[in-house]
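Q: A structural model of the following input is requested.
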Amino acid sequence: MRHSFLSLIIFALALPIAAQDGLEINKVFKGEIVSEKAMKESLVKGDNLAPYKLRVLHTAKFTVGDSRRDEVEALFEEDMKGRLSEDDENIELEYRDGHLYYAIVQLTDSKKGLHRYICYQCRQTMGGNGITLVYMEGKASLADLRKTFKKK
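A: Model (predicted):
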């Protein structure tokens, strides 16, 4: 009994890592760029996301200096290369002062009828650059996400 419960926990923890597999930003979620202690991370999956047509919502928030901001921004932009669809409806990008400020990108490599999205926002704070990084997966369209998560 104890062994099967432990196996279930390990499987549940592995799901978001597998979901983000192949993405450069996964390095951030794994704590390779910003220490896990410096991040506020949340992972929501399952029935709680059903009203939003999502099955995985993984967020990381942290504050970094300019060099780390540039590194995270470069990872995000690398994930965008070659994965964007030809349709401008599948992407929202905003740059400010030469840096990525806000982005929602639908990746073209959907899995089993599910859409995958990566999102990025960077705001100047007193302590540096406040970054929010998000990975989402589900049946939601970009139009659905625009309605649910209005840009502020």
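Q: alpha carbons only for contacts and neighbour counts from here, please
A: Noted.
Q: after the helix-or-strand element of the chain with minimal mean pLDDT, which helix or strand is next?
A: Ranked by mean pLDDT, DSSP states H and E, the helix or strand of the chain with the weakest confidence is helix 2-19, at a mean of 41. Secondary structure here is assigned by DSSP states H and E; on that basis, the next helix or strand after helix 2-19 toward the C-terminus is helix 26-29.
Q: show me what counts as buried in that next one.
A: Of all the residues in helix 26-29, those buried under the rule 16 or more other Cα atoms under 10 Å are 26, 28-29.
Q: quick one, helices of this structure?
A: Ranges of helices in the chain, per DSSP state H, are 2-19, 26-29, 66-80, 142-148.
Q: may I have the beta-bridge partners of residue 103?
A: residue 93, residue 120 (DSSP bridges).
Q: next one, pLDDT for it please.
A: Model confidence at residue 103, given as pLDDT, is 91.
Q: so what's it up against?
A: When contacts are counted by Cα atoms under 8 Å, 6 or more residues apart in numbering, residue 103 is found next to 91-94, 118-121.
Q: of those, select the buried ones using a ChimeraX command.
A: With 16+ other Cα under 10 Å as the burial test, the buried ones among the contacts of residue 103 are selected in ChimeraX as follows:
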select :91,118,119,120,121
